[in-house]
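**Student:** just the structure for this:
(chains A and B)
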There are 2 protein chains.
Amino acid sequence: PAEEADLLLAAAFVSDAQYNRNIPFKTSPEAVRLYYLYNHWIMRTATYFFIFLNLSLAVFEEPAVYPLPFLVTSVVEVLCLVVFFGRLTHFAKVTLRNVFWKDTKNICIMVAILLSLTDLAIYGVLRMYDVRSIRWSRIVRPIFLINFAESRQIRRAFRSIRNTLPEITYVFLLFMFSLLMFSLMALKLFGERNLQTAEGLPYFKNYLEIVFDLYVLVTTANSPDVMMPAFDFSSWYALFFIAFVIVNTYIFMSLFLAVVYNNYKKHLKNEIRKLAYMKHCKMIEAFNILKEEEGTQFVVREAQWKQLVKLVAPDISNSHRELLLRISDDEQKGFIDKKSFVQLADLLNIQVITLKIRSHPLGQWMPGVYKSAVSRFLRSMVRHRGFVWTYDVIILINAIFIALDEETPYISYAEWVFLALYIIEILLKVYTYEPRAFFGKNQFWNWFDTLIIFAALTATILNTTLRSTTKYNSQQILDIVFILRVLRLIRIVDSIQRFRVIMNTLINIVPTMLTFGGLTLVVYCVFAIIGMELFHGKIQFFPANSNAPHSLECGNTALKDSLFARAKYCKNNFNNFASSFIVLMELTVVNQWHDILCVQPAKLYFIAFHIVMVIIIVNIFVSFILEAFFVEYSLEKSEVETAIEQKIQELGMGVQEDELQDEHLLDNMESAEHHLEGEGGTKPQSKGLVFKIASKRYRTVDSLLQRMFEAEIPLEDEGPSVEEFLNLSPTAAIPSNVTSESAA
Amino acid sequence: PAEEADLLLAAAFVSDAQYNRNIPFKTSPEAVRLYYLYNHWIMRTATYFFIFLNLSLAVFEEPAVYPLPFLVTSVVEVLCLVVFFGRLTHFAKVTLRNVFWKDTKNICIMVAILLSLTDLAIYGVLRMYDVRSIRWSRIVRPIFLINFAESRQIRRAFRSIRNTLPEITYVFLLFMFSLLMFSLMALKLFGERNLQTAEGLPYFKNYLEIVFDLYVLVTTANSPDVMMPAFDFSSWYALFFIAFVIVNTYIFMSLFLAVVYNNYKKHLKNEIRKLAYMKHCKMIEAFNILKEEEGTQFVVREAQWKQLVKLVAPDISNSHRELLLRISDDEQKGFIDKKSFVQLADLLNIQVITLKIRSHPLGQWMPGVYKSAVSRFLRSMVRHRGFVWTYDVIILINAIFIALDEETPYISYAEWVFLALYIIEILLKVYTYEPRAFFGKNQFWNWFDTLIIFAALTATILNTTLRSTTKYNSQQILDIVFILRVLRLIRIVDSIQRFRVIMNTLINIVPTMLTFGGLTLVVYCVFAIIGMELFHGKIQFFPANSNAPHSLECGNTALKDSLFARAKYCKNNFNNFASSFIVLMELTVVNQWHDILCVQPAKLYFIAFHIVMVIIIVNIFVSFILEAFFVEYSLEKSEVETAIEQKIQELGMGVQEDELQDEHLLDNMESAEHHLEGEGGTKPQSKGLVFKIASKRYRTVDSLLQRMFEAEIPLEDEGPSVEEFLNLSPTAAIPSNVTSESAA
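**Tutor:** Residues are numbered from 1 along each chain as shown, chains lettered A, B, ... in the order given. Down below sits the predicted model:
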């Protein structure tokens, strides 16, 4: 039997496989302990905290949204860098020396730390002598977000983009060629006509300006305006612009999407294939550590297996563990063979909900009252479809009341009535359904309802108190109250089955969308910092009725009579980090961007941003949503899930998905994943205990991705390589090409 | 042996299968003859001509671009309707009576003819009494385009849209719900603030206006403007708009694309599967007509087969026919079995190019000169890579000259030099390569070059003549010269291999894009006609410097100081068919559409157009381009193609694709599909004759679609149903469910 240290090592491998981590750690007991510490959620959360702290420094540094003294921001920055260095050192102690130094992401972090420190020191010294210099190292800050091991998805997205670049470049060059050709045509057709734009400027006179105008037309931002002078001159010239829009906006932009989608998918598939292979290797290694001989084959004994599962997933219930054992050790032989053992990582990733049929606590405490005729009538009423419908009608009436004027006293009273009605609804539901079932882990809408209602209640009370004491509405609280009130209405979506399906799909892809949030954040940070250096202070915003000179021209006389000033865009500037972000957001949306870029050298900056953000990242985002939706729409249960479900059914502990949607069954059930711990080794057959698979829910982005490409990834390494691994030492078992993920 | 009539019937079935037609014709000899006449290209072209004539009547009718007397347009319309009726009668004679009357598209055409005639009569009578009424029947004109048997693709696209509607509707309702919620929030947050827009109008006061403003924001058309007042008031309010754009513009719009793409693909796949099944049935019927007993099986004899192929495809060369025979009758047994026979339709659809190695005609006429050292040096020079590079450089220099000012005399001389250089290039190439090879069917770029150069030469000479005689540049001719001059530069794309690949892909999907052109035409026609009835004359366009009153307000005092008038959009009106089309084009592009719709009741019209055109049709267009590109990028040769290619190689008559790209080989070859006819039954082994498959080229949209879904369509009807057909009469062989395509 394996020792404690071996078990720990095996558990490390299994949990690595389960979470698709990819850290080639040393196998010594101390290293494994350090490795557990490295992966502890507190350590990881702290790292993320410091990464975001470091990024958010831009808000407090010159040019600041909330200015802080240079000393404070530099101390915080140094602190962050120290933490990053500590985390890296920790990682170096965990992993093998040669692997560590081969990994470009570690080198990247070190270089970034060095650069930041150097820049900080230079800036500090120059500042002491009152020389204003540029904090150029702020651009490297997103590197920490990208390169720490936890941001695998973002790193992968960047890798995919890098791999997609050559293909995009060719299409882009062809697109640019088309643009240049059309511009040349436009120059010849309209250049000599002496036409004027609506602002009275010369129309299509200068080649470079034509190129830029037509580039803007591709984004449709100046759509009819750029055409109107030529169109007014002769209707036939509209054909030129129609041809241009069809070729460049519709065909080329679709082509970009097609190329990005195709390549992104292809590269992602490769990555996931590599990941699946890694997972398999890790599980084999864990098996090799724990294996014992049994007859002609190597196996893992039941006791060892149980200890291992307890180590890897300490928070799953005993009954759940029993269930997994039953699936792995199908014939109850007392040991698990290699094939079943390798499945363990996938088994652990499947969310099995342990449901326990238990009676309502009120029924236990006050059985007389709870089981009385009145109580029973009440409960059957709440369970009735009419109850849901009644509340749907109430919500609709509420919506109308919200839209009405606030000042009428009756309407502000009505608000209290509605609040009361909603609270009564929640209380009634908790009374009818079991409280722990009502607030179960997967009861998204119940949680949503309750939180919204109680937040609204708190805010409304707070506001009323403030009003009665100070005769003054707090605008912030009032705004929150308004938003909460409207959010409440969302609940009606849950009443309609078809909407619920679409909403669930949307909720399911939220974690994946966060990856793109990260990607966008990195791009925005870099562009915002560059933008602040280039355009800081060029445009000033003055509040309405300001008496400052040039307040109508945004403090810049060059903007006199410009569209920018006329449309009152003065607040769209790069004067601090927050407004830079908002300007970049507007540029992502594309419209009016040619007006926002009133400063001449800004054109290149904006075109670069458009190419990176709109052509590449937005397209990848769209590709991803497309793919995720296709998967969600067509998803069958996976093989492993089917096996588990079959087992659950065999053991007579199953509950059908459709039965569950019927609330009558649910009302006595409870998500009891944590509550069973105390009961010790209860046999899962114990009456009133059922399992169900929380299908179509993904804990991690990786698992969604793996599901997306599951059918297309042949596990060709299932056969011979498994045998190969048996003859290899644990550390040598990872082939050098596989470590490329961490090296990339 | 089958008689003449039987052969004709079988040929009709085969050609139906080959072109994926779906007309359940009668089997009597007269009906088959009528059927051939029905499918004759002249008849079909004439039908299309009259359909477009009928549609283009809108240009000449009130409100007209080019006004014609009512008498003329109504006579032309009656003529068109008579032709449509004739075509329909012809079809009725060809097809079975019960099938004809069950087919909704025939009923549609009849009703449309009746409606048009009635409306025309009423309008004519009212006109005589000087009562102005509405020509409402003009909306039904696109029905002819949709419902004539030739427009199968457009009809199929409409069917797919209809099938996609329920799914889109749910997403759309959810989207509308989200929009209404956000609007409600906006009303509560900003309604009481007394903010003003840049035009000084009240900001977010009225709920319906907020909904509309936010709907416009979804299309990004008023992107920063709608946000600016709130943003100026407090930076935090930007978060509201950012959340709105992320949820509605990015997520919901991607969701629309995903749903449209998914459903469109699904329905298209079903249609294509049905089509493949139909094709199979038709081939079996043809087989049943010609079959003879041979041992234990039924077969078609070689002589019969040859006659059949001659009837079906009269314009393929003898050698090509021999090749097809060799593939069908693999073992040269003198007959073709059923399995090979069924393949014939696919075989005929594969474009096999017959190439013949023949010497240059000059080499035959003047061997002494052509084979002299100078001539040989010249030819080797032209074949050299440097020749291509030289001309690429010339093109680039030409591009710079085009961009320079026309008026300088040197530059206008340079134009003649460039023209001369290009003509010399073409002559040299024709001298070096065989002329018939140079102007081969698939030599797209050679044709393109020659046409552009000679058109430019003609136009330039014409212009110079005009100028020297009348001292006056014809603007139209000059414009054409400019365009041709710039188009010439496109040729440089062909020199770069990667660009050529992308361009070929683009050229290949052109026919498919034409389907969407048809779809767009139908939608535009309907909306243009409605728009003209609703908004005709509301806005007037006056040329610059006009003295008419209100010329600055587009002749409508309500537009005084509006953005519409200020941006000089007056020519964007519904006053005639042509400008309606251009306005609809601008609305498709989406930008500034809220400004274009200055007339109040127009909002609903524009939202309807946006939903139909942008949300549905543009998304389908994008889906289609995506899918077509994925297919083009990943396309392998089909099974039948591989079989043909193998056979070609076996017979030693093949030429590798890559060899062909080498121009050295091409220069002695000729596309000889037509020239071989006269030579009679030459054996294909004759020296100097090679074939090649024009791979990745699709004659029809259907074949591309079939290729797209080929892998996913199981031909499950390959087995048993074939046996079933053997026992059925030819007409009964088409199961009732299959005729649903024509009935739909």
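**Student:** quick one: low-confidence parts of chain A?
**Tutor:** A:1-2, A:149-150, A:353-358, A:405-407, A:441-442, A:471-473, A:595-601, A:632-643, A:651-744 (pLDDT under 70).
**Student:** how about the strands of chain A, start to end?
**Tutor:** In chain A, the strands defined using DSSP state E lie at A:292-294, A:297-301, A:335-337, A:352-356, A:689-693.
**Student:** list the neighbouring strands of the first one plus their orientation.
**Tutor:** Using DSSP bridges, the strands paired with strand A:292-294 in its sheet are strand A:297-301 (antiparallel).
**Student:** in the strand it pairs with, what counts as buried?
**Tutor:** Using 16 or more other Cβ atoms under 10 Å in any protein chain shown as the test for burial, strand A:297-301 gives A:298-301. Bear in mind the C-beta positions are built from the backbone N, C-alpha and C, glycine included.
**Student:** now stretch A:409-417, how far from the chain's geometric center?
**Tutor:** The chain centre lies 39 Å from the centre of stretch A:409-417; the measure is Cα atoms, centre = their mean, to the nearest Å.
**Student:** wait, does it contact chain B?
**Tutor:** No. For a cut-off given as Cβ under 8 Å from any Cβ of the partner chain, stretch A:409-417 has no contacts with chain B; the smallest distance is 11.6 Å.
**Student:** and that stretch, C-alpha only, in PDB?
**Tutor:** Taking Å, rounded to 0.1, in the frame of the first residue of the first chain, the C-alpha atoms of stretch A:409-417 are listed here in PDB:
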ATOM      1  CA  PRO A 409     -48.500  59.900  -4.100                       C
ATOM      2  CA  TYR A 410     -50.600  56.900  -5.100                       C
ATOM      3  CA  ILE A 411     -47.800  55.600  -7.200                       C
ATOM      4  CA  SER A 412     -45.200  55.800  -4.600                       C
ATOM      5  CA  TYR A 413     -47.600  54.000  -2.300                       C
ATOM      6  CA  ALA A 414     -48.000  51.300  -4.900                       C
ATOM      7  CA  GLU A 415     -44.300  50.700  -4.800                       C
ATOM      8  CA  TRP A 416     -44.700  49.600  -1.200                       C
ATOM      9  CA  VAL A 417     -47.600  47.400  -2.200                       C
END
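**Student:** buried set for it?
**Tutor:** Buried-residue list, stretch A:409-417, by 16+ other Cβ under 10 Å: A:414-415.
**Student:** same thing with stretch A:456-474?
**Tutor:** Those would be A:456-457, A:459-460, A:463, for stretch A:456-474 by 16+ other Cβ under 10 Å.
**Student:** so which of those residues reach chain B?
**Tutor:** The subset of the buried residues of stretch A:456-474 within reach of chain B, by Cβ under 8 Å from any Cβ, is empty.
**Student:** nearest to chain B: which residue in the stretch 401-550 of chain A?
**Tutor:** A:F482 (3.7 Å; Cβ to the nearest Cβ).
**Student:** hang on, that residue packs against B:F190?
**Tutor:** No. A:F482 is beyond contact range of B:F190, at 10.1 Å (criterion: Cβ atoms under 8 Å).
**Student:** how much space between the residue nearest the centre of chain A and A:I161?
**Tutor:** Centroid check for chain A by Cα atoms, centre = their mean gives A:L514 as the closest residue, at 1.4 Å. A:L514 is 17 Å from A:I161, where distance means Cβ to Cβ, to the nearest Å.
**Student:** do A:G531 as well
**Tutor:** For A:G531, the distance to A:I161 equals 21 Å [Cβ to Cβ].
**Student:** okay, now the nearest residue to A:A313 once chain neighbours are set aside: neighbour count?
**Tutor:** The shortest distance from A:A313 to any non-neighbouring residue, by Cβ to Cβ, 6 or more residues apart in numbering or on different chains, is to A:L348 (5.6 Å). Around A:L348 sit 20 other residues, with neighbours defined as other Cβ atoms under 10 Å in any protein chain shown.
**Student:** contact partners for A:L348?
**Tutor:** The contact partners of A:L348, taken as Cβ atoms under 8 Å, 6 or more residues apart in numbering or on different chains, are A:14, A:18, A:309, A:312-313, A:316, A:324.
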